[in-house]
Structure formats: C-alpha cells, structure tokens
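Chemist: This is a predicted model, with the sequence first.
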Amino acid sequence: MNLFSDIRDLVIASLGEMAGEGTLPKWLDLTAVAVEPPRDAAHGDMATNAAMVLAKPAGLPPRAIAEALAAKLMADPRILGADVAGPGFLNLRLSPALWHGLVRSALMQGVNFGRSKIGAGLKVNVEFVSANPTGPMHVGHTRGAVFGDALARLLAFSGWDVTREYYINDGGAQVDVLARSAYERYREAHGLEPAIVEGLYPGDYLIPVGEALKAKYGDSLLDKGEQYWLSDVREFATAMMMDMIRDDLKLLGVQMDVYSSEKALYGTGEIEAAIQTLRDMDLIYEGTLEPPKGKEPEDWEPRVQTLFRSTAHGDDVDRPVQKSDGAWTYFAPDIAYHYNKVKRGFDQLIDIFGADHGGYVKRMKAAVSALSGGRVPLDIKLIQLVKLYKNGEPFKMSKRAGTFVTLRDVVEQAGADVTRFVMLTRKNDAALDFDFDKVLEQSKDNPVFYVQYANARVNSVLRRARDAGVAVDDATLAAADLTHLGHEAELTMAKKIAEWPRLVEIAARNNEPHRVAFYLYELASDLHGLWNRGNDDASLRFVQEDAGVTQAKIALARAVSVVISAGLGILGVTPVEEMR
C-alpha cells in the first residue's frame, strides 16, 4: 500500500475532472505531477506540485490552479485540509484513519509490506564483485559485494527478475602471474626456497595452493620450464582461488546465480562475432588516436589500430579494440561479454565497478547501446574506497594477503551483519570510513546498533504484553481499535511507516540501496523518541492497563518492527530480537 501513490491518483483524477469542466486544457501532460512529504512537517502530511508544473503549459496562474484543485480534493473524505502555500504549492492534511490503515496493512502483509511490482518482471543482470581470481577479496571488494547484493535484493523486492553475476577475469596476464606465484609455493612445499620476486603475489594464501599442487603432481613439475607447467598450474590455482572467493562471499551472505569466465570468450569466436556485429553497423574502422591528454608529442607514437566508433553512442573518444599487432585490447572481451548478456535476453544491465574504473563507464555504455540497438540500458555504479580504522589508527594490512586487508579480516572482526549495514551507510560513490571501535559500540552514533536496538525494544514490549496475558499476534493487533492512536507522536510514527513503500520504489528506480539504511535509522529514531516520551507521559507507553489500548499501541510498535525486518532483509542483515 503506497499511500503517496494513492493520493497522487486522487490528484490526477481531480485534475482530469477540472479538464473535463474546462478549468484546465484537456491535453496537459501530467507526468511531472508529484505528491511528496512536505519539506516541513508542520505544513501538512503531503504536498503536491501540480499547480506549479501545470501553470505554464495551461497559461494560468499557479495559485488559481491550486485553489481550484484544493476545492476538488476537499470533497474526498481522506482529505481534511488543502492549503495553498507560496506561489502555488498545495499542502494536504489527511484523515488519521489513513495512518491507522497503514499500520494495519503493515501487520497484515508482514515483511512483504512495501513490496511492489514496479519492475514488472523485467530481467535485470547485476554484475558485481568480479575480482581477479588471484587472491582473497579485499575490503574494497567487500563494499562492492554488499552493495551489489543489497541492490539485487532491492530490485527483486520491487518486482524485477534479478540475476546476480560474477565475471571471472581469468583471461589476462594476471593469471599467468598467479601461476608463477603458485609454482614458487609448490617448490616451497618440496622444501625449496621460493623465489617470490617483485611482480609475483607474496601472500601466504598461496601456500595451501603449493601444497595442493604437490599432492596432485608430486615432484613431476620440479625443474621444468614453465612451458611444461604454466597452463596446468594456472587452471589449478585459478580454481582454488575461485573456491576461496566463493567461501568469502558465503561468509558475507552473498550467493551468485552465474559465474562467467573471460577465458571462455577466447577461441570460441565470441569476441570476433561481437566486433563483426559492430563492423556491420559501420562502427569499426582502422585509424590512429590522438595523443592522450598530458602527453608530450615526443612521448606519443601514433599507430594504426582497430577502433570502435564509440563517439557515435555518447563516448568522448573512439576506443581501440585490437592492437596493431593483432592482439585484442582489454576492451574487446568486455564488449563480447556484454553482447553475451544482451543476447541472453536481459532488459537491463547493471555493472558495479571500483572507483578506478571510472574511465570505462562511457565506452561500456556506448558498446551496449550499439549492440542492443539502444534497447538495453546499462547503469554503471562506481564504488568508492573504504578506509579502515581500529584503536584510532589505520587498520594494518593482512599478513596472509601480503598487501591488503581481506574481506575475511573485516567480517571476522565485525561480523557479517555489522559489515553489511555499515557498508551501506554511505552512497556508493562516496568514500567510507569503517572504524571497528565505532561500529561495535552501543550508542546512537552506531546506526547498526540503533536500528537493531529499536527492533529489540519492540520485541521486549511484545514479551511483556504476552506475560500480562494480552494477545499480541499480528492478526489480533491488525483488528485492534487503532483510533486509540491519536497523539501527535504516534501519528508521526505512522506517517514514517507510510513512507516505506514510496522509499522502496525510489531506491529501486535509482539503484540506491543506501536509501534503505538511511530510512531505517530515521524510523528507529522515531521509535526511540516515542519510547523516551513515554518515560514522561504514561499515556504514550506501549503497555497500558486497558488491553484494547495496549493492543493499539503495540500494533504501532509491531508495524515498526515489520518495516525494520523488511528493510534489514533488503540489506541482507538479520534482525535482532534481543540485545545482549
């Protein structure tokens, strides 16, 4: 039940009546008409911009439209007041019965409250993490994994058919480096001194790989040139790294639907087919690029390359797909991979990249636009860096990883639920500070604790009521006489609950799961505020002498818990029923 959508429907219907009566032109576009929470709650419950956006096309003063619209809306029993403000904004006050109805809806629908069908079953592919299979995932991958999984959950909750996908970058030179590094650990497993020279991966995580290689191959690979072992060791080490990555993702509560391999694109004709498709569109040509910005002319060596005319689809410059020596650029298999996703029938694509891939955004969008004929939109979300702190100091690198803090390090220190919530307390393109001391403290400044504590408080009230012999199952609470909820603070809480379905739709349409975390903190704050007011005003306490009044007040608290549970479910966090 999206009350904002319901009231917007009422506004649209009223505008239609005005057009039928000749007050407004019949041909007006009503798309931009919105109903939103007012900037100041003192102004009312909702506000509409209808008069402001229709004034110019209608050729009428906005206040005249607003006043006529107010008169129409006041005929509906749901509207208690419609006041024109400023140049023509219309502030609405709604019947308390609507807020009571929202509480009932939350109790009747449970954690499905706020679920919508705006995705209309469209198939969306969310590609995220996609870390090189050369070692354990680091803290940056952690944030990308949490964001991607929460976004996938949000879209599924809002009616999309979601596929979570991991692209294994196993086709580049980095997997050869992995193989050489693993081979040195294989030598070490035989009692030899490993030659971990510069450029190889130094982390201890490859020691088990070396031991596993020894178990499989014995000493048959020792003292052999890499032409004899590179391919086998590369495949073996890559498989072990992917097992490690899957285990790390599982630790974080992330499960992929599809794993796609870059290496599988080579030698299958997929890259050639994708480039030929672009060539058939006259988007591939032989040419020479301009010198990169910041390069001196003498540093630049012009050479003819095979280029994709990406500027025809919104890019700043055309991009090379094949080098002068005939080798594919890194961009070519990425084009083929996205063409594969288009051919699999996805209606939308979402890629989640690290901030260092910002230069890839326009070229990748151009490729998908060309290959899908503009049918399939691609949204690319960039994940900014995470800075870790502990005891007031930067958290040191992991010895096991060699050069960075791993996902496992973070989760073992803070727990999966805390890690996930904190990673979503900033928008994806904003840097995030993760302080282990702060995320584990029990205070209002810790959003994870604050939201979980609100849920635990509701559950404590439910236990007290049951102990007093009051029925507090959801069905009973939904049937309670909610007219007992008349205090301003109680209605404010109900109004906050009413925002949930609208918030979910906005977050899903914009691919912004962080909005859910922000909202949950605000909802928890309202619950704690109402709880604290009950310390001074006994009439606001959830448990009263009258069982009917108690049920009405607990219905409100339970509705808060329902929304918190639904929101935490989207974030991939388990609700806590009791704080210890």
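Modeler: Ah, there it is. Numbers count the residues shown, from 1 in each chain.
Chemist: Which residue, neighbours along the chain excluded, lies closest to the residue nearest the centre of the chain?
Modeler: Nearest to the mean C-alpha position of the chain, by Cα atoms, centre = their mean, lies Leu151 at 3.0 Å. Leaving aside its chain neighbours, Leu151 sits nearest to Pro513 (5.1 Å; criterion: Cβ to Cβ, 6 or more residues apart in numbering). In short, each C-beta sits where N, CA and C put it, glycine included.
Chemist: Quick check: the nearest residue to Trp229 once chain neighbours are set aside vs Pro62, distance?
Modeler: Leaving aside its sequence neighbours, Trp229 sits nearest to Leu221 (Cβ to Cβ, 6+ apart; 4.6 Å). Distance, Leu221 to Pro62, by Cβ to Cβ, to the nearest Å: 80 Å.
Chemist: Neighbour count: these two, which is higher?
Modeler: A direct count of neighbours by other Cβ atoms under 10 Å for Leu221 and Pro62 places Pro62 higher, at 22 against 19.
Chemist: can I assume the residue nearest to the centre of the chain sits in a helix?
Modeler: Yes. Read with DSSP: H, G, I helix; E, B strand; the rest coil, Leu151 is one of the residues of a helix.
Chemist: looking at it, Leu94 is touching Ile7, isn't it?
Modeler: Yes. Leu94 sits in contact with Ile7 when judged by Cβ atoms under 8 Å, with a separation of 7.5 Å.
Chemist: shared neighbours, the two?
Modeler: Residues touching both Leu94 and Ile7 (Cβ atoms under 8 Å, 6 or more residues apart in numbering): Met46, Arg78.
Chemist: what distance separates stretch 393-412 from the middle of the whole chain?
Modeler: Centroid separation between stretch 393-412 and its chain, computed with Cα atoms, centre = their mean, to the nearest Å, is 24 Å.
Chemist: Give me the mean pLDDT for that stretch.
Modeler: Averaging pLDDT along stretch 393-412 yields 81.
Chemist: Show the end-to-end separation of that stretch, please.
Modeler: Using Cα to Cα, to the nearest Å, the end-to-end distance of stretch 393-412 comes out at 18 Å.
Chemist: Contact partners for the residue nearest to the centre of the chain?
Modeler: Neighbouring residues of Leu151 by Cβ under 8 Å, 6+ apart: Val126, Phe128, Ile350, Ile352, Lys381, Asn511, Pro513.
Chemist: and the residue nearest to Leu151, how many residues sit next to it?
Modeler: Using other Cβ under 10 Å, Pro513 has 26 neighbouring residues.
Chemist: start the count at 113, not 1, going forward
Modeler: Shifting the count to begin at 113 puts that one at Pro625.
Chemist: thinking it is in contact with Ile682, fair?
Modeler: Yes. Counting by Cβ under 8 Å, Ile682 is a contact partner of Pro625 at 6.7 Å.
Chemist: Find residues that contact each of those two.
Modeler: Counting by Cβ under 8 Å, 6+ apart, the shared contacts of Pro625 and Ile682 are Ala262, Arg265, Leu266.
Chemist: Excluding chain neighbours, what is closest to the first one?
Modeler: Read that as Ala262. Spatial nearest neighbour of Ala262, chain neighbours left out: Pro625 (3.9 Å); criterion: Cβ to Cβ, 6+ apart.
Chemist: How about the contacts made by the one you found?
Modeler: Listed by Cβ under 8 Å, 6+ apart, the contact set of Pro625 reads Phe259, Ala262, Leu263, Arg265, Leu266, Leu536, Ala619, Ile682, Leu683.
Chemist: so where is the stretch 213-362 of the chain shaky, pLDDT-wise?
Modeler: Applying pLDDT under 70 to the stretch 213-362 of the chain flags no residue at all.
Chemist: Now do the helices in it.
Modeler: For the stretch 213-362 of the chain, the helices defined by DSSP state H, counting those that start in this stretch occupy 251-269, 286-301, 319-329, 338-363.
Chemist: Pick the most buried one from these.
Modeler: Ranked by mean neighbour count, the helices of the stretch 213-362 of the chain are led by helix 251-269 with a mean of 25 (mean count of other Cβ atoms under 10 Å).
Chemist: Could you export that helix as PDB, CA atoms only?
Modeler: Listed next in PDB are the C-alpha coordinates belonging to helix 251-269 (Å, rounded to 0.1, in the frame of the first residue of the first chain):
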ATOM      1  CA  VAL A 251      37.900  -4.600   1.800                       C
ATOM      2  CA  GLY A 252      37.100  -2.700  -1.500                       C
ATOM      3  CA  HIS A 253      35.600  -5.900  -2.900                       C
ATOM      4  CA  THR A 254      33.600  -6.200   0.400                       C
ATOM      5  CA  ARG A 255      31.900  -2.900  -0.200                       C
ATOM      6  CA  GLY A 256      31.100  -3.800  -3.800                       C
ATOM      7  CA  ALA A 257      29.800  -7.300  -2.800                       C
ATOM      8  CA  VAL A 258      27.500  -5.800  -0.100                       C
ATOM      9  CA  PHE A 259      26.200  -3.000  -2.500                       C
ATOM     10  CA  GLY A 260      25.600  -5.400  -5.300                       C
ATOM     11  CA  ASP A 261      23.800  -8.000  -3.200                       C
ATOM     12  CA  ALA A 262      21.700  -5.300  -1.500                       C
ATOM     13  CA  LEU A 263      20.800  -3.800  -4.900                       C
ATOM     14  CA  ALA A 264      19.800  -7.200  -6.200                       C
ATOM     15  CA  ARG A 265      17.600  -7.800  -3.100                       C
ATOM     16  CA  LEU A 266      16.000  -4.400  -3.500                       C
ATOM     17  CA  LEU A 267      15.200  -4.900  -7.200                       C
ATOM     18  CA  ALA A 268      13.800  -8.400  -6.500                       C
ATOM     19  CA  PHE A 269      11.600  -6.900  -3.700                       C
END
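Chemist: now the protein, which segments are flagged as low pLDDT?
Modeler: For the chain, residues meeting the criterion pLDDT under 70 lie at 406-412, 509-514, 692.
Chemist: is it true that Ala194 lies in a helix?
Modeler: No. Checked against three-state DSSP, Ala194 lies outside a helix; its state is strand.
Chemist: Find the nearest non-adjacent residue to it, please.
Modeler: Counting by Cβ to Cβ, 6+ apart, Ala194 lies nearest to Ala182, which is 3.7 Å off, once chain neighbours are set aside.
Chemist: list the helices and strands the helix or strand hosting the one you found packs on?
Modeler: Taking DSSP states H and E as the criterion, Ala182 maps to helix 174-185. If contacts are counted by 3 or more Cβ pairs under 8 Å, 6 or more residues apart in numbering; DSSP states H and E, helix 174-185 sits against helix 115-132, helix 162-170, strand 191-197, strand 201-206.
Chemist: Same list, these, but as a markdown table with mean neighbour count please.
Modeler: Putting the helices and strands packed on helix 174-185 into a markdown table (neighbours: other Cβ atoms under 10 Å) gives the following:
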| stretch | mean neighbour count |
| --- | --- |
| helix 115-132 | 18 |
| helix 162-170 | 20 |
| strand 191-197 | 17 |
| strand 201-206 | 21 |
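Chemist: Would you confirm that Thr515 contacts Gly315?
Modeler: Yes. Applying Cβ under 8 Å as the test, Thr515 and Gly315 come out as touching, 7.3 Å apart.
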